[in-house]
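Chemist: got a structure for you, letters missing:
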């Protein structure tokens with residue numbers, strides 16, 4: 001079989017696979033993520049530990065790799081059940097972490113503290 005016939009067969013096969021649409025050429029382009037999500041030096045996501053102050057004065061601790069979007073989700077009522085019943089919530093404290101693992105460890109550490117120690121953390125910033 002000639003090269004032209006093989007090429008035409010491949011084109012027809014791709015044409016059928018994509019439902020008659022134009023055959024995608026080359027690699028698919030993925031839009032870049034906003035630069036604030038990445039650590040510029042290593043191009044890794046920046047994880048953060050944060051504390052929210054809820055309407056009733058309680059504190060909520062969590063981690064995220066996109067702090068602004070997470071706060072928006074909390075205030076929309078889709079972030080967590082705890083905050084959902086205590087809206088609105090405002091950011092009281094945030095600190096960066098080197099990795100997701102480090103952020104989770106720091107979150108667990110802060111959650112284990114009594115309330116006066118958490119308030120001292122907020123006041124020292």
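Modeler: Yep, it's here. Predicted model, so just to flag it, every value in this text is computed and none were measured.
Chemist: for this protein, what spans make up the strands?
Modeler: Assigned by DSSP state E, the chain shows strands spanning 38-39, 44-45, 47-53, 59-64, 90-97.
Chemist: next, the angle from the longest one to strand 47-53.
Modeler: Angle between the axes of strand 90-97 and strand 47-53 is 160 degrees (criterion: axes from the mean of the first three to the mean of the last three Cα atoms, to 10 degrees).
Chemist: direction included, what does strand 90-97 pair up with?
Modeler: For strand 90-97, the paired strands and their directions (DSSP bridges) read strand 47-53 (antiparallel).
Chemist: give the rounded mean pLDDT of the partner strand.
Modeler: What strand 47-53 shows for mean pLDDT is 95.
Chemist: next: stretch 104-123.
Modeler: The pLDDT scores in stretch 104-123 average 94.
Chemist: buried set for that stretch?
Modeler: Neighbour-count burial for stretch 104-123, counted by 16 or more other Cβ atoms under 10 Å, picks out 106-107, 110, 118, 121. From N, CA and C alone the C-beta is placed, and that goes for glycine too.
Chemist: equivalent analysis for stretch 58-78, please.
Modeler: 59-67, 70-71, 74-75.
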